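Peer 1: coordinates only, sequence not included:
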């Protein structure tokens, strides 16, 4: 269970660095049935014990409408731990079907926005003040690449963010965890994986970014540690800053 210890250690580190969890929190973990969110729910349950923090956690599954996944195996796996999983229905699939791209494909970014909003609304109805998603450091790097390629900017998602309109705090406790450690831990624990009914599953641009990073790590093994470090290195940024007169600011090193 060394990988479980590493994942839990990364959760503790993220909590310490970004103050993700406080006493009295009620946290809804958005789950899909996949490995990342299921392990986050389990780790948040375990973290209650050794962190000495008094908070509550529930799993929240949004039925997108593509054909509901059978969450029964996951519900039964968590039952002995006293962890509740709630299901909320939505019409997201119907809405996405009306807003397909020029190639007739469902837009992943739009789906993500709708799903996030649905989780937040359901969490508020359940009396939760925080929502947790299972994005890990590899997700963060993939997002960084997509923003650079399509948006011309260096940006990724934040570990913690207060959503002003809803007054719900959005947290990502696995932000320091590696996907490989998550996958091995889920396999070791025997957590059931629920197959997604998403029509784009396994055929997304994020998957292409994943393959690009894999090839980069193969050619430059040190990048596996240095790229994640870049995201939280206090000396991480040195880019161009154009002056009003068209000149360039020079900083001597």
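Peer 2: Nice, thanks for sending it over. Since we're looking at a predicted model, the values are computed, not measured.

Peer 1: Identify the bridge partners of residue 61.
Peer 2: With DSSP bridges as the criterion, residue 61 is bridged to residue 31, residue 87.

Peer 1: Can you pull out the low-pLDDT segments for the stretch 151-253 of the chain?
Peer 2: 197-203, 245-253 (pLDDT under 70).

Peer 1: quick one, helices of it?
Peer 2: 179-189, 205-219, 223-232 (DSSP state H, counting those that start in this stretch).

Peer 1: any chance of these in CSV, with distance to residue 4 and mean neighbour count too?
Peer 2: For every residue, glycine as well, the C-beta is placed using N, CA and C. Formatted as CSV, the helices of the stretch 151-253 of the chain follow (distance: least, CB to CB, whole Å; neighbours: other CB atoms under 10 Å):
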stretch, distance to residue 4, mean neighbour count
helix 179-189, 5, 17
helix 205-219, 23, 13
helix 223-232, 20, 14
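
Peer 1: Now that we have those helices, can you turn them into CSV and tack on distance to residue 123?
Peer 2: Converted to CSV, the helices of the stretch 151-253 of the chain look like this (distance: least, CB to CB, whole Å):
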stretch, distance to residue 123
helix 179-189, 23
helix 205-219, 24
helix 223-232, 26
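
Peer 1: For residue 149, find the nearest of the ones you listed.
Peer 2: helix 205-219 (8.5 Å; CB to CB).

Peer 1: returning to that earlier point: between the helices of the stretch 151-253 of the chain, which gets nearest to residue 154?
Peer 2: helix 223-232 (9.4 Å).

Peer 1: sorry, back to before: out of the helices of the stretch 151-253 of the chain, nearest to residue 47?
Peer 2: That would be helix 179-189 among the helices of the stretch 151-253 of the chain, by CB to CB, at 14.0 Å.

Peer 1: That closest one: how far from the chain's middle?
Peer 2: Counting by CA atoms, centre = their mean, to the nearest Å, helix 179-189 is centred 16 Å from the centre of its parent chain.

Peer 1: hang on, the earlier thing: between the helices of the stretch 151-253 of the chain, which gets nearest to residue 151?
Peer 2: helix 205-219 (12.9 Å).

Peer 1: The closest one vs helix 223-232, what angle?
Peer 2: When axes from the mean of the first three to the mean of the last three CA atoms, to 10 degrees is applied, the directions of helix 205-219 and helix 223-232 differ by 120 degrees.

Peer 1: Helix 205-219 versus helix 179-189: what angle between them?
Peer 2: Using the same axes, to 10 degrees: helix 205-219 against helix 179-189 is 100 degrees.

Peer 1: Could you list every helix and strand in contact with helix 205-219?
Peer 2: Applying 3 or more CB pairs under 8 Å, 6 or more residues apart in numbering; DSSP states H and E, we find helix 205-219 packed against helix 137-151, helix 223-232.

Peer 1: what would the ones you listed look like in a markdown table with distance to residue 27?
Peer 2: Below are the helices and strands packed on helix 205-219 laid out as a markdown table (distance: least, CB to CB, whole Å):
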| stretch | distance to residue 27 |
| --- | --- |
| helix 137-151 | 19 |
| helix 223-232 | 23 |
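
Peer 1: Tell me which of those sits nearest to residue 243.
Peer 2: It's helix 137-151; of the helices and strands packed on helix 205-219, that one is closest to residue 243 (CB to CB) at 23.5 Å.

Peer 1: tell me what that closest one is packed against?
Peer 2: helix 205-219, helix 223-232.

Peer 1: For residue 13, find the nearest of these.
Peer 2: helix 223-232 (10.3 Å).
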